[in-house]
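1. Got a predicted structure here, sequence first:
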Amino acid sequence: MGNKFLVFIEQRDGEIKKSSLEVIKKGSDLAASQNADIEAVTIGDVVNNLENIGGYGISKVTHIHNSELSNFSVSAYSELLISFALEINADTILFANTAMGKDLAPPLAVKLNAGVVVDCISLDFKDGKLTAARPVYAGKAIVEVESNLDKSVYTLRPNVFTIGETSDAKAEVVIKNIDTLNLANKVVSVSKAEGKLDVAEADIIVSGGRGMKAAENFGMIEELADILGAATGASRAVVDAGWRPHSEQVGQTGKTVSPNLYIAVGISGAIQHLAGMQSSKYIVAINKDKDAPIFQVADYGIAGDAFEVLPALIEELKKD
Amino acid sequence: MKIVVCVNHVPDTATKISISSDQKTIDTTGVTYVLNPYDEIAIEEALKTKEAIGGEVIALSLGNDSNKESLRKALAMGADSAVLLKGNSSLDSIVTANALATEIISQDSKLVFMGKQSVDYDSSIMGQLVASLLDYNIVSNATSFSIDGDKIIAEREIEGGKESIETSLPAIVTAQKGLNEPRYASLKGIMTAKRKTIEEKDIEISESHVVVNIMKKPEEKAAGKIVGEDASAVPELVHLLKEEAKII
Ligand SMILES: Cc1cc2nc3c(=O)[nH]c(=O)nc-3n(C[C@H](O)[C@H](O)[C@H](O)COP(=O)(O)OP(=O)(O)OC[C@H]3O[C@@H](n4cnc5c(N)ncnc54)[C@H](O)[C@@H]3O)c2cc1C
Ligand SMILES: Nc1ncnc2c1ncn2[C@@H]1O[C@H](COP(=O)(O)O)[C@@H](O)[C@H]1O
């Protein structure tokens, strides 16, 4: 294990996902530490700026191409990926822990007889063995695991592995055209959630809870999010009340997020909510109850009324 | 048609978790276990599908005797029968997947529902693994599902949107919230469930290849700072975010 790395690059609408760039950088650092080979592969129709991954440390990328592959097809993508991994004899295969990554890592693990570890928050060689850490029980515990098979597949949690320095090196792009596809499973259309940033991928999230009192008051949450270039999130209480869509729910039965900054407004900090956001790098809480559990995980807090603090915060940030 | 629904028995989400002395598993004393929340949605979808196209619903769980509680709940909601595969579930999902796949084959089921994620190890790959083992089609994170003959039309949630999918039987579908509203078990359902027997099977558990070195609690965060108690604290907060955290 650890002799030949392969990174899967996820594209949506022809653009490389940021979470894949994180995986490329992490993969290239790991490979460099072992003097091992690494290459990348992507699947799609048009994929823009592929050569730029050179700047993240990988010098060769194969673009498996067919015009029918612009949308995801788990049957086609997994077949193509399995044969590519076998062809180059990859033994350590990395994905981002996204909906697509979690659909592709398992078939690869099964058909390559590889170990699979999902949702890694760290991945490093210890005593020559690749060791992963991942949260379990909604982040209430962390396990450190190792695969003892010759091949292994890992998915890395988005927003955890930092990209750091990049260069303007260019990668060699090899196009591999494919004629026949297994489209037993086919995405016929993709609908975007109102063109908004998704909580799972955002650097900054502004979340509102029941303390916001009513659906219409979320205008303030949205305005603050706009100013910060943030995604809007929600507690389950407000999703259940129908004030916000389920796609915004953060927590154990919603999304797990680890943005750089998480601002919780009128959210008490129930254990199930904390489960989804406590690995955020910075947490700000605005809650009028100074004993609310959210303050136990917050880096900064204002123990005050959201209806006074939010407008002031919006004004202050608009000054810039 | 035989519809299998896989159900897991997991610690209640409100449970405090502590690590046992082996430092590899959790200390289960005092932990309340419940039917995995996503599996309730999976059961509901299996029942709705049976109501629409006929057939029978078989609830399947791998675990120990206490898993019978969750199987019982599936029966109370309306499942026709239940099977318990006796063995400990491993952090290596492939081990559980192998056992579930073997049973699905022996049941000759071509449509399987699961939850999108167990709230214990939070892996969310069981459906995909079993589908690959059986060469079945997979729809993960489903938020809508319909079947016509052997054709399946479904929607799944992805980052920032939804994908509409066309596929066909045999298939595994993993349930995401929003797929349906799980029904409550009726009193009659609960009474009938009590009389049903849960079939228990001893199985071979394959070896775990993903091994746990250590399980630990996440590092405690240092206590934060309450910057103030009203809007007058806002400038200081913004200052801290810019200068100390350097985050905005
Ligand atoms: C199986 C299960 C799964 C769950 N999964 C999730 C999940 O994924 N995500 C999730 O979020 N929850 C989840 N929950 C629910 C969770 O237990 C809480 O009920 C929920 O998080 C509470 O939401 P809240 O903080 O918005 O509301 P509340 O707990 O009601 O808190 C409202 C807060 O607003 C504050 N407030 C009120 N007025 C103001 C004001 N004017 N200004 C400032 N602050 C104010 C109050 O002090 C209070 O702290 C789950 C529960 C279960 C049982
Ligand atoms: N021990 C088990 N017995 C039966 N079904 C299981 C078991 N573990 C996981 N599953 C199923 O697989 C789904 C996803 O689980 P996981 O991949 O472990 O997060 C769950 O929602 C269940 O439907």
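-> Cool, the structure landed. Ligands and ions are numbered 1, 2, ... in the order given.

2. can I assume A:Val117 sits in a strand?
-> Yes - assessed with DSSP: H, G, I helix; E, B strand; the rest coil, A:Val117 lies in a strand.

3. Look at the closest residue to it other than its chain neighbours and tell me its secondary structure.
-> Distance criterion C-beta to C-beta, 6 or more residues apart in numbering or on different chains; nearest residue to A:Val117, sequence neighbours excluded, is A:Ala132 at 4.7 Å. Glycine gets a C-beta too; all of them are placed from N, C-alpha and C. Assigned by three-state DSSP, the conformation of A:Ala132 is strand.

4. in a strand, that's where A:Cys30 is, yeah?
-> That one is not Cys; residue A:30 is Leu. No - counting by three-state DSSP, A:Leu30 falls outside a strand, being helix.

5. Quick check on A:Asp226: phi, psi?
-> When read as degrees, to the nearest 10, the backbone of A:Asp226 gives phi -60, psi -50.

6. That one and A:Lys318, how far apart?
-> 10 Å (C-beta to C-beta, to the nearest Å).

7. who has more neighbours, these two?
-> A:Asp226 (12 against 9; other C-beta atoms under 10 Å in any protein chain shown).

8. Okay, that one and A:Met220: tell me how far apart.
-> A:Asp226 sits 11 Å away from A:Met220, going by C-beta to C-beta.

9. residues in chain B within reach of ligand 1, list them.
-> B:13, B:37 (C-beta under 6 Å from any ligand atom).

10. What segments of chain B are helices?
-> Using DSSP state H, the helices of chain B run over B:37-53, B:67-77, B:93-107, B:126-134, B:187-195, B:234-239.

11. for chain A, same thing?
-> With DSSP H as the criterion, chain A has helices spanning A:18-33, A:74-87, A:99-111, A:218-228, A:236-240, A:271-277, A:294-297, A:306-318.

12. which of the residues in the first one are buried?
-> Along helix A:18-33, these residues count as buried under the neighbour rule (16 or more other C-beta atoms under 10 Å in any protein chain shown): A:19-31.

13. tell me the contacts of the closest residue to A:Ser70 other than its chain neighbours?
-> Leaving aside its sequence neighbours, A:Ser70 sits nearest to A:Asp45 (C-beta to C-beta, 6+ apart; 3.8 Å). By C-beta atoms under 8 Å, 6 or more residues apart in numbering or on different chains, the contact set of A:Asp45 is A:14, A:65-70.

14. Try it again at 6 Å.
-> A:67, A:69-70 (C-beta atoms under 6 Å, 6 or more residues apart in numbering or on different chains).

15. Counting neighbours, what do you get for B:Lys225?
-> 15.

16. wait, doesn't it sit right on A:Tyr300?
-> Yes - between B:Lys225 and A:Tyr300 a contact is recorded at 5.5 Å, counting by C-beta atoms under 6 Å.

17. ok, so what distance separates B:Ile43 from ligand 2?
-> B:Ile43 is 9 Å from ligand 2, where distance means C-beta to the nearest ligand atom, to the nearest Å.

18. Now for chain B: which strand has the highest residue count?
-> What stands out as the longest strand in chain B, according to DSSP state E, is strand B:137-148.

19. Need the contact partners of that one.
-> By C-beta under 6 Å, 6+ apart, strand B:137-148 touches A:74, A:99, A:103, A:184-185, B:116, B:127-128, B:131, B:153-157, B:165, B:167, B:171-176, B:178-179.

20. do the same with stretch B:220-232
-> Outside stretch B:220-232, the residues that reach it (C-beta under 6 Å, 6+ apart) are A:297-304, A:308-309, A:312, B:233, B:236-237.

21. Convert it to PDB, retaining C-alpha atoms only.
-> What follows is stretch B:220-232, C-alpha atoms only, in PDB (Å, rounded to 0.1, in the frame of the first residue of the first chain):
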ATOM      1  CA  GLU B 220     -12.400  19.600  24.000                       C
ATOM      2  CA  LYS B 221     -12.500  23.100  22.800                       C
ATOM      3  CA  ALA B 222     -11.100  25.800  25.000                       C
ATOM      4  CA  ALA B 223     -13.900  27.900  26.600                       C
ATOM      5  CA  GLY B 224     -14.900  30.700  24.300                       C
ATOM      6  CA  LYS B 225     -15.400  34.300  25.000                       C
ATOM      7  CA  ILE B 226     -18.700  36.100  25.600                       C
ATOM      8  CA  VAL B 227     -18.000  39.300  24.000                       C
ATOM      9  CA  GLY B 228     -21.000  41.200  25.300                       C
ATOM     10  CA  GLU B 229     -24.700  41.100  26.100                       C
ATOM     11  CA  ASP B 230     -26.200  43.400  23.400                       C
ATOM     12  CA  ALA B 231     -25.600  45.100  20.100                       C
ATOM     13  CA  SER B 232     -22.900  47.300  21.600                       C
END
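
22. Name the nearest residue to B:Ala97, ignoring sequence neighbours.
-> B:Leu129 (3.7 Å).

23. Please report how far that neighbour lies from B:Val112.
-> B:Leu129 is 12 Å from B:Val112, by C-beta to C-beta.

24. With neighbour numbers in mind, choose between those two.
-> When neighbours are counted by other C-beta under 10 Å, B:Val112 comes out ahead of the other of B:Leu129 and B:Val112, with 29 against 26.

25. about what we covered before: list buried members of the contacts of strand B:137-148 by neighbour count.
-> The neighbour count (16+ other C-beta under 10 Å) marks A:74, A:99, A:103, A:184-185, B:116, B:127-128, B:131, B:154-157, B:165, B:167, B:171-176, B:178-179 as buried among these.

26. List the contacts of the residue nearest to A:Ser59 when sequence neighbours are not counted.
-> Excluding the flanking residues, the one nearest A:Ser59 by C-beta to C-beta, 6+ apart is A:Ala171, at 5.3 Å. With contact taken as C-beta under 6 Å, 6+ apart, A:Ala171 is in contact with A:51, A:53-54, A:58-59, A:61.

27. Need the pLDDT of residue 15.
-> The chain I'm using is chain A. Looking at A:Glu15, its pLDDT stands at 95.

28. hm, I was asking about chain B
-> pLDDT, read off for B:Thr15, is 85.

29. Which residue would be the closest one in the stretch 151-300 of chain A to chain B?
-> A:Asp198 (3.5 Å; C-beta to the nearest C-beta).

30. Show the backbone phi and psi for that residue.
-> phi -90, psi 140.

31. Residues of the stretch 101-250 of chain A that sit close to ligand 1?
-> A:209-211, A:235-238, A:249-250.

32. between the residues you listed, which has the most around it?
-> Result: A:Ser235 is most packed of those (other C-beta under 10 Å), 33 neighbours.

33. For that one, which non-adjacent residue is spatially closest?
-> A:Ser235 sits nearest to A:Gly209 (C-beta to C-beta, 6+ apart), 4.0 Å away.

34. returning to what we had before: got the angle for the longest strand of chain B vs helix B:126-134?
-> Counting by axes from the mean of the first three to the mean of the last three C-alpha atoms, to 10 degrees, strand B:137-148 points 100 degrees away from the direction of helix B:126-134.

35. circling back: now restrict the contacts of stretch B:220-232 to buried residues only.
-> By 16+ other C-beta under 10 Å, the contacts of stretch B:220-232 give A:297-304, A:308-309, A:312, B:233, B:237 as buried.

36. check those against ligand 2, which are close?
-> Okay, of the buried ones among the contacts of stretch B:220-232, nothing touches ligand 2 (C-beta under 6 Å from any ligand atom).

37. residues touching the closest residue to ligand 2 within chain A, list them.
-> Using C-beta to the nearest ligand atom, the closest approach of chain A to ligand 2 is made by A:Val118 at 8.4 Å. Shown in contact with A:Val118 (C-beta under 6 Å, 6+ apart): A:97, A:155, B:123, B:125.
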